[in-house]
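> Sequence and predicted structure, then a few things I'm wondering about:
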Amino acid sequence: AQVKSENSKTIWNTEEVPEGSEFDDTWDTREQPEYEIFFKQRVGTEDMFLGMSRKDSSTACCEDLVIKIKLPETKFSDITLDLQDKVLDLRTPQKKLLLHLPHPVDSKNGKAHFLSEEEILEVTLRMIREFDYINFA
């Protein structure tokens, strides 16, 4: 059974292409920096000691996504960071990182902090997930 598309010359649907892939430049020879992705929970004493919420240690109960990007020999003023709901695009004169995020995020309210002594950019983003009200009610 063949599926006929609206345009026979189209080889993929726009829904299949990851958001932000239009910025992926194969001719750009800048090196990709090392990075780590962490999940972060917001907990208080009622969560830690009294067990009053339904939170556990799984990533399903994490609200934030933290990305730590190693940028050696980089000044804060050289960093260009563009955030979309599913893509982080970072550029410096020496490095380039186009990262498709594991969860959609609130790109308008993220926080970025450059730790100059460690030469690490730390980006904290609030995840947007459809069923969070179940985990955080």
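Sure, I can see it.

> in this structure, which spans are strands?
With strands called from DSSP state E, the chain shows them at 35-40, 64-70, 80-83, 87-91, 96-100, 111-115, 120-126.

> what lines up beside the shortest one in the sheet?
Okay, so that is strand 80-83. Using DSSP bridges, strand 80-83 pairs in its sheet with strand 87-91 (antiparallel).

> Can I get the strand it pairs with in PDB, CA atoms only?
Output of strand 87-91 as PDB, limited to C-alpha atoms (Å, rounded to 0.1, in the frame of the first residue of the first chain):
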ATOM      1  CA  VAL A  87      16.300  23.800  20.000                       C
ATOM      2  CA  LEU A  88      19.300  25.400  21.600                       C
ATOM      3  CA  ASP A  89      21.600  27.200  19.100                       C
ATOM      4  CA  LEU A  90      24.900  28.400  20.600                       C
ATOM      5  CA  ARG A  91      27.700  30.100  18.600                       C
END
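
> which parts of that strand are buried?
Residues Val87, Leu88, Asp89, Leu90, Arg91 are the ones in strand 87-91 that count as buried (16 or more other Cβ atoms under 10 Å). For the C-beta atoms, the positions are set from N, CA and C on the backbone; glycine is no exception.

> do stretch 71-89 as well
Quick answer for stretch 71-89 (16+ other Cβ under 10 Å): Leu71, Thr74, Ile79, Leu83, Lys86, Val87, Leu88, Asp89.

> got it, and stretch 114-132?
Neighbour counts over stretch 114-132 (16+ other Cβ under 10 Å) mark Phe114, Ile120, Leu121, Val123, Thr124, Leu125, Arg126, Met127 as buried.

> Leu65 - nearest residue in space that isn't next to it in sequence?
What sits nearest to Leu65 in space, not counting adjacent residues and going by Cβ to Cβ, 6 or more residues apart in numbering, is Leu125, at 4.8 Å.

> Surely that neighbour touches Leu81?
No - contact status for Leu125 versus Leu81: not in contact, 11.2 Å apart, counting by Cβ atoms under 8 Å.

> residue boundaries of the helices in this structure?
Using DSSP state H, the helices of the chain run over 45-48, 132-136.
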